[in-house]
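sequence and predicted structure below; questions after.
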Amino acid sequence: MGMGAPPLQALFSHPQASAWSIKQARYAVRKNSFSKRDIIVGSLPRRALLSSGLGLVPVLLSIVNPVLAVPLPEMKEPESVRTRKLPGGVRVQDIFEGEGQEAGEGDFVEFNYVCRRTNGYFVYSTVDQFSGEAMPVTLPLDEKQIIKGLKDVLVGMKVGGKRRALIPPSLGYVTEKLEPIPDEFGPRRSLLSHAKEPLVFEVQLLKVF
């Protein structure tokens with residue numbers, strides 16, 4: 001038979017072969033362009049093929065169907081999220097660049113934010129998760145009134161822009177007088193209870209005054 005597939009007996013020489021029904025192991029014999037007889041295996045279990053005396057399965061597959069012999073494209077891992085570290089120590093990721101006015105030191109800004117712990121646990125948001133109603137805050141970019149880490153995040157942002165930042169506790173709520181802090185007792189208490197750990201802020205800049 002030349003260099004074609006082994007005799008039919010070899011396909012069924014494995015002990016498991018006797019249990020296969022005709023419907024499970026369909027084959028046909030045909031002559032190809034090189035006048036060699038090839039075996040086309042319809043649906044042989046991969047485990048049986050590997051354990052039988054067929055040799056290299058990829059070689060058989062390449063004879064049966066050239067398409068199967070074509071190497072699969074290399075699967076590339078997704079690119080890691082690009083972040084940058086600001087001079088003060090805050091790590092920032094730009095989600096949207098924004099096209100409006102740029103915020104600078106001392107400006108008053110209006111923004112929405114979501115605060116979470118580093119494990120993803122929700123702490124507070126100015127946007128209601130159910131109704132979608134927003135209650136943005138307006139603050140000056142002044143370290144005496146706003147936590148330094150958040151001020152560093154907002155400076156340089158453009159209106160319409162959105163950033164996600166990891167703020168260390170040394171640049172966060174070092175005192176309870178610093179904003180932003182919710183007015184409601186429950187959310188306020190929840191936020192301040194995590195003041196001594198890094199917090200993740202997602203901020204969207206709405207206006208610059």
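Nice, I can see it. Quick caveat, the model's predicted, so the values are computed rather than measured.

tell me if Val114 really is in a strand.
Yes: checked against DSSP: H, G, I helix; E, B strand; the rest coil, Val114 lies within a strand.

ok, now how distant is the residue nearest to Leu178 when sequence neighbours are not counted from Glu97?
For Leu178, the nearest residue in space outside its immediate sequence neighbours is Ile147; the separation is 4.8 Å by Cβ to Cβ, 6 or more residues apart in numbering. For glycine as for every other residue, the C-beta is placed from the backbone atoms N, C-alpha and C. The spacing between Ile147 and Glu97, counted by Cβ to Cβ, to the nearest Å, is 24 Å.

what do you get for Pro180?
Taken as Cβ to Cβ, the spacing of Pro180 relative to Glu97 amounts to 23 Å.

so which of those two has more stuff around it?
Regarding Pro180 and Glu97, a neighbour count based on other Cβ atoms under 10 Å identifies Pro180 as having more, with 21 against 11.

list the contacts of the more buried one.
Contact partners of Pro180, counting by Cβ atoms under 8 Å, 6 or more residues apart in numbering, are Tyr113, Thr126, Val137, Leu139, Ile146, Ile147, Leu150.

do Pro187 as well
Counting by Cβ under 8 Å, 6+ apart, Pro187 has contacts Val123, Tyr124.

circling back: ok, the residue nearest to Leu178 - how many residues close by?
Neighbouring residues of Ile147 were enumerated by other Cβ under 10 Å; the total is 24.

buried residues, stretch 95-107. List them.
Residues of stretch 95-107 classed as buried under the neighbour-count rule (16 or more other Cβ atoms under 10 Å) are Gly98, Gln101, Ala103, Asp107.
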